[in-house]
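Trainee: Structure for this input, please:
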Amino acid sequence: MTTVSVRIDEELVSAARSAAKAEFRTVQGQVEFWAKVGRAALDNPDLPASFIAESLMSMGEPPEEAMPFVPRSANKV
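Mentor: Have a look, this model is predicted:
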């Protein structure tokens with residue numbers, strides 16, 4: 001993978017550093033994640049950003065660790 005240096009405001013880097021610790025990501029990984037969420041949010045303005053973020057995180061899960069989808073209607077007897 002090719003990398004490129006980018007200048008980013010120190011406040012954003014500081015916020016990314018804090019969020020990265022909480023999310024167990026690198027600072028670079030956190031900024032990349034925010035960029036992906038932002039791009040997906042712009043492409044899908046009708047979806048909440050939290051839904052987009054959770055969807056992107058679930059797409060990164062290894063398939064063997066993912067929980068199977070169970071529709072709510074399946075819980076009703």
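Trainee: what helices or strands is the lengthiest helix in the chain leaning on?
Mentor: Here the longest helix in the chain is taken by residue count, with DSSP state H as the criterion, and it is helix 27-43. Judged by 3 or more CB pairs under 8 Å, 6 or more residues apart in numbering; DSSP states H and E, the packing partners of helix 27-43 are helix 10-23, helix 49-59. All C-beta spots, glycine's among them, are computed from the backbone N, C-alpha and C.
Trainee: ok and the shortest one relative to helix 27-43, angle-wise?
Mentor: Put simply, helix 49-59 runs at 120 degrees to helix 27-43, going by axes from the mean of the first three to the mean of the last three CA atoms, to 10 degrees.
Trainee: What residues of helix 49-59 count as buried?
Mentor: Under the neighbour-count criterion of 16 or more other CB atoms under 10 Å, helix 49-59 has 52-53 buried.
Trainee: Identify the residues contacting that helix?
Mentor: Taking CB atoms under 8 Å, 6 or more residues apart in numbering as the criterion, the residues outside helix 49-59 that touch it are 33, 36-37, 40-41, 44, 66.
Trainee: any idea how far Ser50 lies from Ala40?
Mentor: 12 Å (CB to CB, to the nearest Å).
Trainee: ok, now Ala53?
Mentor: When distances are taken as CB to CB, Ala53 and Ala40 turn out to be 9 Å apart.
Trainee: And the longest helix of the chain, what's buried?
Mentor: In helix 27-43, residues buried by neighbour count (16+ other CB under 10 Å) are 27, 30-31, 33, 37, 40.
Trainee: now the angle between helix 10-23 and it, please.
Mentor: Here the directions of helix 27-43 and helix 10-23 differ by 100 degrees (the same axes, to 10 degrees).
Trainee: model confidence over helix 27-43, on average?
Mentor: Averaging pLDDT along helix 27-43 gives 95.
Trainee: Which of the helices and strands in the protein ranks last by mean pLDDT?
Mentor: Using mean pLDDT, DSSP states H and E, helix 49-59 stands out as the lowest-scoring helix or strand of the chain, at a mean of 91.
Trainee: and that one, how far from the chain's centre?
Mentor: Distance of helix 49-59 from its chain centroid, counting by CA atoms, centre = their mean, to the nearest Å, is 5 Å.
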